[in-house]
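A.B. asks: this one's sequence-less:
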DNA sequence: AATGAATGAGCGTTCATTCAT
DNA sequence: CATGAATGAACGCTCATTCAT
């Protein structure tokens, strides 16, 4: 789907619709968000959304990509710039939680989509891949730390699950308690996983 | 809710419907599960479910109660029987993951329900309370360990979020990779959180 | 439908069901009254009503008959005992409104049924007959008064419609304003129709 | 409700649906009229009605408004133009019955809606207000006649109930006997209520 | 004589999608 | 490009009725 194949105005419409979709999903919840409501928010007709995205699934996929792009842009450079795996792990947690604080709506929308838009056991759902990538990213950092001798000898996948699980648990908390102190949480999680992963004396 | 108020045959039907609902939700996902599909699985008419449960909400509530009963029965006694907070934490993780291994479908269904059955941003959803209780249970164990001197001085809520987040991340993994080694995972998580919480030298 | 064909216990059950049906219809309104609710009120099973009455329509018909019997028993003797048509007309109005005061629930139920349970234009509805009889009863009194020279020369049907219409309008008023002074109303209607029907000088 | 807010084609569809709803209610009765049947009459899909009216209640409200507009347009100017209360009362009866003759179906539909659309005994129902307004309109004419000395001294509410009751009784009669002579009826009712209300010598 | 579990048709409503304009 | 009217299938739910017990 090369961007050259789309006119400028078309690209603008798509961006507008994606933004309104994020707004609607984050505000109303995935189940309560219909194309009609998104259209209403965007002040366009429902048919227009189908025209630009073909189907609801495609729109949702576009939303996911957009948020992922936003998150990656914000987080990845900082992480890969770290000199040590320990620093990278710390910055991973810090940037993730910072993203949640700064881009609450896109994050909430993403969480809504991931938890709601999965298929059955057979069809894997379009966003599990995204999650697998996230885990592998963490595993890379962990493997780095083990290789460099910073980290103790643990199972990569298990530890990645724990770290990612902790991060994924935050939006739900945030939803329930908007006053949640994300900075405190970031410090505590950093400490926790730093201790938990470092080479034991 | 005296058991005398329901016939034997009614109780049997309810159990059958609950089982089929668990099956449907775990297999198809919450959003794709309709009363009609549950009825189809149970080989009864859709109206029959309404007859026995009054509303979809009541059925879902019954499913939640059933799984919660199952889980509590299996896990709580073992946890409270531990002599130290460190043991309690270990057993908490072990029994939770053991439950996932033995009751995969009920567990998946429960997770589906809890993550899906929430309203918009404002309305808290009927099962967020359940989750809060789970966090407080962990916090109790953590506070116990801090008081006894087993654990270091960390923020209770942040640490509870990390632990619960790790546990909650497992079903999604399990769904994606049914061969996941839960025993290994239990050992690794136990080690991780034992190290992370214990009093530092 | 001779009463001999029914056992004593069956007759009692029917009476009980009819009473509960009246209660339900008067309290909840016709549209909100289901056989299940009547059964609940009567503390019997829904199937039992079908057993005793065959169908809902039959039950409704039985309710109508019962209320009509009650009304006729209370009103007819007093009316036919009057020496003049003028007195008969007065007593007709008085007894009708007195019945409404004393048997509010049966009356309300009857009104609910008559206004709700009509078929289409083609099928006349089972209770229009009842209404036609009521009109003819009034016409008899009016014809009597015209023959005796008490009443002026008016169209029987038109005048009967006016009188019956006035009477039928009362329950709706009563429903809206339960404090309605039925005795005042009876006096006023008597005066009005006495003046309107008497031979003009 | 500015007319600019609706397309021409939308307005046409709405009008068509309203007309079919009137037809269905007048023909089948309120209780037997479903959106599906109205849609069938209008040869559109059931979803289309929801599209244009949002809910059944809104459609019913639109029907009521339409008929009320029709009736008011036809009757009010003639009534208020009369020089005396006696004339006004006569014209009130004449225009009401003339309306029934000319707009039988809308009138029947309106009566069906008003008598059916009420909740239980406690909830007043959305159209009882309409009826109260009708009574108050009559009371105004009666009060006028009493003040001018044309009418005798009677209770306003009781007399208004009688007059409105007589008028409201007509549609039911019309339903049962479509050949009913409305002009005769109008003359007779006029005479009746003129005699009944005029100052007695 | 009575039960109550079960049914199936029907209800009002929602919504992704289509298509003539 | 964009519209918005229209669709049709699916939803949760109600209810008179049936029938094995």
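C.D. replies: Cool, got the structure. Quantities reported herein were computed from a predicted structural model and do not represent experimental measurements.

A.B. asks: avg pLDDT for stretch A:77-88?
C.D. replies: Throughout stretch A:77-88, pLDDT has a mean value of 96.

A.B. asks: Does chain B have contacts with it?
C.D. replies: No: applying C-beta under 8 Å from any C-beta of the partner chain, one finds stretch A:77-88 separated from chain B by no less than 14.4 Å. For every residue, glycine as well, the C-beta is placed using N, CA and C.

A.B. asks: who touches that stretch?
C.D. replies: A:90-92, A:95, A:141-142, A:144-145, A:148, A:150-151, A:194, A:197-198 (C-beta atoms under 8 Å, 6 or more residues apart in numbering or on different chains).

A.B. asks: Buried residues, it. List them.
C.D. replies: Residues of stretch A:77-88 classed as buried: A:79, A:82, A:85-88 (neighbour count, 16 or more other C-beta atoms under 10 Å in any protein chain shown).

A.B. asks: is chain B contacted by the helix or strand of chain A with the lowest mean pLDDT?
C.D. replies: Using mean pLDDT, DSSP states H and E, helix A:104-116 stands out as the lowest-scoring helix or strand of chain A, at a mean of 87. Yes: judged by C-beta under 8 Å from any C-beta, helix A:104-116 and chain B are in contact via A:108, A:115-116.

A.B. asks: and that helix, anywhere near DNA strand F?
C.D. replies: No: interface with DNA strand F: helix A:104-116 contributes nothing (C-beta under 7 Å from any atom of the strand), its closest point being 14.5 Å away.

A.B. asks: nearest to residue B:132, of the buried residues of stretch A:77-88?
C.D. replies: Using C-beta to C-beta, residue A:79 is the member of those that sits closest to residue B:132, with 32.0 Å.

A.B. asks: Compute the inter-axis angle for the helix or strand harbouring residue A:11 and helix A:104-116.
C.D. replies: Residue A:11 belongs to helix A:8-28 when assigned by DSSP states H and E. Using axes from the mean of the first three to the mean of the last three C-alpha atoms, to 10 degrees, the inter-axis angle of helix A:8-28 relative to helix A:104-116 is 80 degrees.

A.B. asks: what comes up buried for whichever helix or strand comes after helix A:8-28?
C.D. replies: Using DSSP H and E, the helix or strand that follows helix A:8-28 towards the C-terminus is helix A:35-42. Residues of helix A:35-42 classed as buried: A:35, A:37-39, A:41-42 (neighbour count, 16+ other C-beta under 10 Å).

A.B. asks: for stretch A:173-190, same thing?
C.D. replies: A:173-176, A:180, A:182, A:185-190.

A.B. asks: And for stretch A:14-22?
C.D. replies: So, applying 16+ other C-beta under 10 Å, buried residues of stretch A:14-22: A:14, A:17-22.

A.B. asks: can you list the residues of chain A near DNA strand E?
C.D. replies: A:32-37, A:46-47, A:49-51, A:55-57.

A.B. asks: Among those residues, name the buried ones.
C.D. replies: Counted by 16+ other C-beta under 10 Å, the residues of chain A next to DNA strand E give A:33, A:35, A:37, A:49, A:56 as buried.

A.B. asks: Could I get these in a markdown table, plus columns for distance to chain B and pLDDT?
C.D. replies: Output for these, formatted as a markdown table (distance: C-beta to the nearest C-beta, whole Å; pLDDT from 0 to 100):
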| residue | distance to chain B | pLDDT |
| --- | --- | --- |
| A:33 | 10 | 93 |
| A:35 | 16 | 95 |
| A:37 | 12 | 94 |
| A:49 | 20 | 94 |
| A:56 | 12 | 93 |
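
A.B. asks: and of those, the nearest to DNA strand F?
C.D. replies: Nearest to DNA strand F among these: residue A:49, at 8.3 Å, using C-beta to the nearest atom of the strand.

A.B. asks: which helices and strands sit right next to the helix or strand harbouring the closest one?
C.D. replies: Taking DSSP H and E as the definition, one finds residue A:49 inside helix A:46-53. In terms of contacts (3 or more C-beta pairs under 8 Å, 6 or more residues apart in numbering or on different chains; DSSP states H and E), helix A:46-53 is packed against helix A:8-28, helix A:35-42, helix A:56-80.

A.B. asks: That helix and DNA strand F in contact?
C.D. replies: Yes: Helix A:46-53 comes into contact with DNA strand F (C-beta under 7 Å from any atom of the strand), by way of A:46-48, A:50-52.

A.B. asks: Pull out the buried positions in stretch A:52-67.
C.D. replies: For stretch A:52-67, a neighbour-count test (16+ other C-beta under 10 Å) marks A:52-53, A:56, A:59-64, A:66-67 as buried.

A.B. asks: between those, which is closest to DNA strand F?
C.D. replies: DNA strand F lies nearest to residue A:52 out of those, by C-beta to the nearest atom of the strand, at 6.3 Å.

A.B. asks: What residues does the closest one make contact with?
C.D. replies: Residue A:52 makes contact with A:10, A:13-14, A:17 under the criterion C-beta under 8 Å, 6+ apart.

A.B. asks: quick revisit: turn the residues of helix A:46-53 next to DNA strand F into a markdown table, columns for pLDDT.
C.D. replies: Below are these laid out as a markdown table (pLDDT from 0 to 100):
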| residue | pLDDT |
| --- | --- |
| A:46 | 93 |
| A:47 | 92 |
| A:48 | 93 |
| A:50 | 93 |
| A:51 | 93 |
| A:52 | 93 |
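
A.B. asks: picking that back up, could you dump the helices and strands packed on helix A:46-53 to CSV with distance to residue B:74?
C.D. replies: Below are those laid out as CSV (distance: least, C-beta to C-beta, whole Å):
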stretch, distance to residue B:74
helix A:8-28, 36
helix A:35-42, 42
helix A:56-80, 36
